[in-house]
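Colleague: Prediction below, plus the sequence it came from.
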Amino acid sequence: EYRFYLSLDKDCFVRCFARNSTGVFYGEVAYWQTQVSVPRVSVSPVSTVSDTAAYGGFLILGGDEFATMGNNIYAGLCWSREPHPTVGDDTVGILVQSVSGCLQLRGLQPATTYYVRSYLRNSRGVTYSEEEYRFTTQAKGLPAASPWRKLTRLPQVRNWAHILKSADKVYALSDGWKDYEIPYEPMQFWEFDLKREEWTRLADYPGSPMQSAYALEVDGAVYYGWGYVDMEGVPALSGEWWKYDPAGACWSRCADAPENQSDIVGLVADGQILLVGSQSIWRYLPVSDTYELTGMPSLWSGMNGYQAFSVDGRLFVEGRGVINEYIVEEALWEACGTPPLGIRNGSRLLQYGDRIFYFGGKRWNANGLNGCTTHLYEFDYRNRRFIRCADLPADAVYTLNQPATAPTGNIVSNNNELWEYLPDY
């Protein structure tokens, strides 16, 4: 018995053979036609609901299947006033170029309840999302309701490495990774006052340009470092650690990470800064500018760009689409969740109080990468499951920053715009 792999939607012929010193002998020919694979599709809860329109998103689940679906694949949303809408009802759709999209439902009636789900259609038929959502439009003249709110535009068109949000301010730190085709520019540091709604440029970051570093905000001060520096074209992990003091309006270098680690993750847990390394966990003490060893986990095989968060005294680390929890009593890591999309490089964690959200991820199309997806999931860490939330009401996320994992780090940027997610709008 043998297993072999075939192309989709093809005529296939096969026969067995036997060979010895006298010749080759063949069996009868068998024929079949392989099927066209149609992956599952998911729909997001609608957002930005006005009296006559709303936004919704589709997400194709299964990147490998999507890549082999062939041409002329359409995806979209269908809606009606009755449950279980189909493509025979009102629809909006597009020719599929990537795994996700955000579409606007138009021509709705005020103060009316609708049902919506997503669909995929090709020459073999139509498949619908398992989820179906009900929503009610606003009364005529009332403003649109949405958990997403556009805050402002970033001060300049450039790459932004980090977006941090405190109670009344948003901080933006530009990307400083060296590009051999573009002259190096200082890493700019800006502050946005949420009350006055204006940007102010602060002191530029003076340290080594880094990639996959961590920016944290604690007690009004901003800390940055523990990333990768450019060593003649080769990224090397650096223990550099810097602090921006708003009172003195200046940067100062703090003590470097205490030991060489193959990977580092920085986070704020219960108001304290933790350094989670591949060999150990340390607590950084700002007052004494020292590190205190807090735990020795089993070897954690990580990679740059991992994210971490802490809720209810529990420590979680996410990377490559897998969320792991550190079990203190047993001093080991335990996998506790994989988003429905599986491995999604480039996704970002947002934390809102004790709620964790998983946003975005690399977006693929026929030509390769095309920005990031706009989907949003809530990670229910108590029950270890993911819940689909309203997508960002934008066509695509082309510039996705690493948001703060502080209790108010619910900020993402898109096309030089800042958006805020408020789950309890």
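Modeller: Good, I have the coordinates.

Colleague: Would you verify that residue 60 is located in a strand?
Modeller: Yes: counting by DSSP: H, G, I helix; E, B strand; the rest coil, residue 60 is part of a strand.

Colleague: can you count the residues close to residue 21?
Modeller: 4 (other CB atoms under 10 Å). (Glycine included, C-beta is placed from N, CA and C.)

Colleague: State the distance from it to residue 27.
Modeller: With distances taken as CB to CB, to the nearest Å, residue 21 is found 19 Å from residue 27.

Colleague: Based on its surroundings, how many neighbours for residue 175?
Modeller: Using other CB under 10 Å, residue 175 has 18 neighbouring residues.

Colleague: From what I see, it and residue 156 are in contact.
Modeller: No: here residue 175 does not reach residue 156: they are 11.8 Å apart, not a contact under CB atoms under 8 Å.

Colleague: List the beta-bridge partners for the spatially closest residue to residue 149 that is not a sequence neighbour.
Modeller: Closest residue to residue 149 in three dimensions, ignoring its sequence neighbours and counting by CB to CB, 6 or more residues apart in numbering: residue 420, at 4.9 Å. In this structure, residue 420 bridges to residue 149, residue 411 when assessed by DSSP bridges.

Colleague: any idea how far residue 152 is from residue 170?
Modeller: The gap separating residue 170 from residue 152 is 8 Å, by CB to CB.

Colleague: Common neighbours of the two, please.
Modeller: With contacts defined as CB atoms under 8 Å, 6 or more residues apart in numbering, the residues shared by residue 170 and residue 152 are 192, 418.

Colleague: Between those two, which is the more surrounded one?
Modeller: Legend: neighbour count by other CB under 10 Å for residue 170 and residue 152, higher for residue 170 (23 against 16).

Colleague: Which residue lies closest in space to the more buried one, excluding its sequence neighbours?
Modeller: Skipping the residues right next to it in sequence, residue 170 comes nearest to residue 192 by CB to CB, 6+ apart, at 4.1 Å.

Colleague: Need the per-residue pLDDT for the one you found.
Modeller: We have a pLDDT of 91 for residue 192.

Colleague: list the contacts for it?
Modeller: Going by CB under 8 Å, 6+ apart, residue 192 touches 151-152, 169-172, 198-200, 418.

Colleague: redo that, cut-off 7 Å
Modeller: 152, 169-170, 199 (CB atoms under 7 Å, 6 or more residues apart in numbering).

Colleague: With residue 41 instead?
Modeller: By CB under 7 Å, 6+ apart, the contact list for residue 41 reads 58-61, 75, 118-120, 127, 129.

Colleague: ok, those vs residue 137, which is closest?
Modeller: Taking CB to CB as the measure, residue 137 sits nearest to residue 118 out of the contacts of residue 41, at 19.1 Å.

Colleague: can you give me the mean pLDDT across the helix or strand hosting that closest one?
Modeller: Under the criterion DSSP states H and E, the helix or strand holding residue 118 is strand 113-122. Confidence over strand 113-122, taken as the mean pLDDT, stands at 93.

Colleague: Repeat that for stretch 388-399.
Modeller: The pLDDT scores in stretch 388-399 average 70.

Colleague: just to revisit the earlier point, so which of the contacts of residue 41 is the most crowded?
Modeller: That'd be residue 118 among the contacts of residue 41, by other CB under 10 Å, with 28 neighbours.

Colleague: Excluding chain neighbours, what is closest to residue 99?
Modeller: The spatial neighbour of residue 99 that comes closest, neighbours along the chain excluded (CB to CB, 6+ apart), is residue 60 at 4.4 Å.

Colleague: And that neighbour, how far from residue 220?
Modeller: Residue 60 sits at a distance of 43 Å from residue 220 (criterion: CB to CB).

Colleague: can you check residue 44 too?
Modeller: When CB to CB is the yardstick, residue 44 and residue 220 sit 36 Å from each other.

Colleague: These two: who's more crowded?
Modeller: residue 44 (28 against 12).

Colleague: pretty sure that one is in contact with residue 387, am I right?
Modeller: No: Residue 44 lies out of contact with residue 387 (CB atoms under 7 Å); the separation is 11.0 Å.

Colleague: beta partners of residue 291?
Modeller: For residue 291, the residues forming beta bridges with it (DSSP bridges) are residue 284.

Colleague: what's the next secondary structure element after the helix or strand hosting residue 164?
Modeller: Element membership of residue 164 [criterion: DSSP H and E] is strand 160-165. Elements were assigned by DSSP H and E; along the chain past strand 160-165, the next helix or strand is strand 169-174.

Colleague: Parallel or antiparallel, list what pairs with that next one.
Modeller: Pairing partners of strand 169-174, with direction, according to DSSP bridges: strand 160-165 (antiparallel), strand 189-193 (antiparallel).

Colleague: what separates the last one from the chain centre, distance-wise?
Modeller: If I follow you right, that is strand 189-193. Relative to the mean C-alpha coordinate of its chain, strand 189-193 is positioned 24 Å out (CA atoms, centre = their mean, to the nearest Å).

Colleague: For the remainder of this discussion, apply numbering that starts at 826.
Modeller: With 826 as the first residue, the last one maps to strand 1014-1018.

Colleague: Now do the strands for the stretch 976-1125 of the chain: every range, in order, please.
Modeller: Using DSSP state E, counting those that start in this stretch, the strands of the stretch 976-1125 of the chain run over 985-990, 994-999, 1014-1018, 1023-1026, 1039-1043, 1046-1050, 1053-1056, 1059-1062, 1066-1070, 1075-1078, 1089-1094, 1097-1102, 1106-1110, 1115-1120.

Colleague: Can you show me the CA trace of the second one as PDB?
Modeller: Translated: strand 994-999. The C-alpha trace of strand 994-999 is given here as PDB (Å, rounded to 0.1, in the frame of the first residue of the first chain):
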ATOM      1  CA  LYS A 994      -1.200  59.400  26.200                       C
ATOM      2  CA  VAL A 995       0.000  57.400  23.200                       C
ATOM      3  CA  TYR A 996       3.700  57.000  22.500                       C
ATOM      4  CA  ALA A 997       5.100  56.100  19.100                       C
ATOM      5  CA  LEU A 998       8.700  55.000  18.500                       C
ATOM      6  CA  SER A 999       9.900  54.800  14.900                       C
END
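
Colleague: OK, contacts around the residue nearest to the spatial centre of the chain?
Modeller: In the chain, the centroid-proximal residue (CA atoms, centre = their mean) is residue 1172; its distance is 2.3 Å. Contacts for residue 1172 were tallied using CB under 7 Å, 6+ apart; they are 1146, 1183-1186.
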